[in-house]
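# coordinates only, sequence not included:
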């Protein structure tokens, strides 16, 4: 881990937003906004996620790190920033579940990489269909923690197909990590083991043409 990433990660874990912003600003002055956010935030959240998976961090630390990152991204890269990448229409949601952490982290990682996406919060089948159709979403990222929520994604896939909506679904969350074939069973197009996979998967689904 390089020095700026380590410094930013330590600031996040100390809940020190001021120090985290100072690290970002120093890097932005050297290499610009989007490269800095992509490098520091994505790398730091990846390292924090690995530490949590190893049992070294509390869930509350992951949550607060994500919140600080979201706030800093809003500060340095507001919606509609001309530096954003050309991209398909994207959205992220928690599907028939109440655990928002995974969605927050995916949202932070993608925005730090320069992508704009709609945050639908928690959705059920009907609201997901309505929002996807209204916003003409092309790629939908879905986070779940509970198995029953993961299984219900199959209903969403079926209804999207019946409605003629060519939406690619990317899923993530504990059920898909425990069962490596579950994402295919529910009709998803890709699965991420952690939030940092989101940008890589997005590049793969679009042929790297963003």
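Good, I have the coordinates. Source: prediction; values computed, not measured.

# show me where the chain has its helices.
3-13, 17-31, 33-36, 42-53, 59-76, 101-112, 125-135, 147-162, 174-178, 182-185, 197-205 (DSSP state H).

# pick the most deeply packed of the ones you listed.
Comparing the helices of the chain by mean neighbour count (mean count of other Cβ atoms under 10 Å), helix 101-112 ranks first with a mean of 25. From N, CA and C alone the C-beta is placed, and that goes for glycine too.

# returning to that earlier point: among the helices of the chain, which is nearest residue 119?
helix 101-112 (5.6 Å; Cβ to Cβ).

# list the contacts of that closest one.
37-38, 40-42, 45, 49, 59, 62-63, 66-67, 69-70, 73, 77, 90, 92-94, 117, 119, 121, 141, 143-145, 172-173, 192, 194-196, 198-199, 202 (Cβ atoms under 8 Å, 6 or more residues apart in numbering).

# try it again at 7 Å.
37-38, 41-42, 45, 62-63, 66, 69-70, 73, 77, 92-94, 117, 119, 141, 143, 172-173, 195-196, 198-199 (Cβ atoms under 7 Å, 6 or more residues apart in numbering).

# for the chain, which element, helix or strand, carries the lowest mean pLDDT?
helix 33-36 (a mean of 75; mean pLDDT, DSSP states H and E).

# per-domain residue ranges of the protein.
For the chain, whose domains are defined here by automatic domain parsing, the residue ranges read 3-76, 90-205.

# average pLDDT across the longest one?
So the one you mean is domain 90-205. Regarding domain 90-205, the rounded mean pLDDT is 91.

# one step back: would you mind giving the helices of the chain as a markdown table with distance to residue 168 added?
Listed next are the helices of the chain as a markdown table, based on distance: least, Cβ to Cβ, whole Å:
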| stretch | distance to residue 168 |
| --- | --- |
| helix 3-13 | 30 |
| helix 17-31 | 31 |
| helix 33-36 | 24 |
| helix 42-53 | 21 |
| helix 59-76 | 24 |
| helix 101-112 | 14 |
| helix 125-135 | 11 |
| helix 147-162 | 10 |
| helix 174-178 | 16 |
| helix 182-185 | 12 |
| helix 197-205 | 6 |
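
# is residue 93 bridged to anything, and to what?
Following DSSP bridges, residue 93 is listed with bridge partners residue 142.

# farthest residue from the center of this structure?
Distance to the chain centre peaks in the chain at residue 162, reaching 27.1 Å (criterion: Cα atoms, centre = their mean).

# and that one, what does it touch?
No contacts exist for residue 162 under Cβ under 7 Å, 6+ apart.

# from residue 207, how far out is the residue nearest the centre of the chain?
Computing the C-alpha centroid of the chain and ranking residues by Cα atoms, centre = their mean puts residue 106 first, at 1.1 Å. Counting by Cβ to Cβ, to the nearest Å, the gap from residue 106 to residue 207 is 21 Å.

# could you do residue 4 as well?
31 Å.

# same check on residue 67?
Relative to residue 207, and taking Cβ to Cβ, residue 67 is found at 33 Å.

# same check, this time on residue 119
Taken as Cβ to Cβ, the span from residue 119 to residue 207 is 25 Å.

# which of the two has more neighbours?
residue 119 (16 against 7; other Cβ atoms under 10 Å).

# fine by me, we can end here.
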